[in-house]
Structures are given as C-alpha cells and as structure tokens.
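Engineer: Coordinates for the following, if possible.
(2 chains)
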Amino acid sequence: GEDVEQSLFLSVREGDSSVINCTYTDSSSTYLYWYKQEPGAGLQLLTYIFSNMDMKQDQRLTVLLNKKDKHLSLRIADTQTGDSAIYFCAESSSASKIIFGSGTRLSIRP
Amino acid sequence: NAGVTQTPKFRVLKTGQSMTLLCAQDMNHEYMYWYRQDPGMGLRLIHYSVGEGTTAKGEVPDGYNVSRLKKQNFLLGLESAAPSQTSVYFCASSYPTGLAGPSSYNEQFFGPGTRLTVL
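Structural biologist: Now for the predicted structure:
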C-alpha cells in the first residue's frame, strides 16, 4: 500500500538552512505536498510540487523531487524561530485522498 | 469566510459515553475528511465524504460513524468511547481540481482540531 516516511525530529541553529526529507511509495502520485502545523493548530499547505518538476522555489522554500528514488525534500533557508513547527509530507493517492507522513518536528536553537 | 470550524475544541469523556464532533465549512467544498493525530503516527484518515449524502471508510474507521446530511457539515460520532480513542481530531475539506485520480490537485483545508480525552 501507499506509505510516506519522514524522520520525526530535526534541530537546527537559527539562521542555518533546514532540510526535511521524505520518501513515498506511490509512483502514480502527480502532486506532492508539504504542510505545516504550528502548535495547537491544524495543518496548512506550505507548498506543493507537480511530479514533472525537479525543483520548485518559493522565497525561502525550495522543494526538490527525485522521482526515480521517490524522494522529496523541503529546504528552508535562513531558518527563523517562527519556522518551529511540525512539517508533513503528503502524496495524492487517489481522487479523494492524500496520504500524510508522520511529520517532522523542527526545533530552532539560538 | 470562517473556513473550517470544529466544535467542541476540548472534551473529556468516560469510557462508554457517546459524543458527536461537528465540522462545518463555508467554502462550498465537495470533499470532507476526519483524521486523528497521535504522537509519532502523523494523521490517520478515519472516514471521508466525496459529497452530500455519501461517506466512505478510511484507514482507521472502527469505533466511529459519520454522516454528511448537508454539504457544509460532516459529523463524527463515537457511540461508546474507549481510552484508545484519546486523540486530537482534525476535520478537513477540499475541492480537487484537474484530472480525476492521483492526478488531481487536492489541497486540504484543516480545522483547528478537537482534543478528546477518554478516561
């Protein structure tokens, strides 16, 4: 079945870049998503990438997609304290559902 | 627009009690979802609906029932609560666009969550 895996924790120093990695199994997924969950809140879409793209950049965010290895990454440049959150990778598994990873908790060190 | 709202925000139940969680959206979205979030397990889909009057089982449907009598509302019921149902519950809605199947773009909009404790 479909599965999305990511590491549970990442700690980075303020000002450094954060790289969150994700692997997925469904090669038919056309869209892959990154969601952000701040403490006590629901998830919000951060960015997404279409499967025929290798890279997508949006201000401090860079998404890299390696379709051959089914590997997705999210890079946050110049990480700030406001970036502390849980980041979820997700793939579209059907017309109606998307599959979420377990989430990576990003903490920022001063 | 209020987006997706959930009531209540918090609830404590005793084992065996029943309750209903209400989700409402004002974006005219066709699809609605109920997830539970547990530490280290991400989001797991309980039930979902692709339109008014329809429901379908997700990954972890046992012990829950749902109803979608109106397009804007999606209710999640626990008939006999168990401690294993202690969790944070999130509702989401979406309006997939593009081609059908995994090719559709399906941004989901989430509510703020309901924290449920079953003693």
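Engineer: Residue B:29 contacts residue B:94, doesn't it?
Structural biologist: Yes. Residue B:29 lies in contact with residue B:94 (CB atoms under 8 Å); the separation is 5.7 Å. Bear in mind the C-beta positions are built from the backbone N, C-alpha and C, glycine included.
Engineer: more neighbours, those two?
Structural biologist: Neighbour comparison, residue B:29 and residue B:94: the larger count goes to residue B:94, with 24 against 18 (by other CB atoms under 10 Å in any protein chain shown).
Engineer: how far away is the residue in chain A positioned nearest to chain B from residue B:9?
Structural biologist: Using CB to the nearest CB, the single residue of chain A nearest to chain B is residue A:42, 3.2 Å away. Per CB to CB, to the nearest Å, residue A:42 is found 12 Å from residue B:9.
Engineer: what do these two both touch?
Structural biologist: Here residue A:42 and residue B:9 have B:112-113 as joint contacts, going by CB atoms under 8 Å, 6 or more residues apart in numbering or on different chains.
Engineer: who's more crowded, the two?
Structural biologist: Between residue A:42 and residue B:9, residue A:42 has the larger neighbour count (other CB under 10 Å), namely 22 against 12.
Engineer: and the closest residue to that one other than its chain neighbours, how many residues sit next to it?
Structural biologist: Leaving aside its chain neighbours, residue A:42 sits nearest to residue B:110 (3.2 Å; criterion: CB to CB, 6 or more residues apart in numbering or on different chains). Each residue near residue B:110 was counted by other CB under 10 Å, and the total is 23.
Engineer: Alright, I will stop here.
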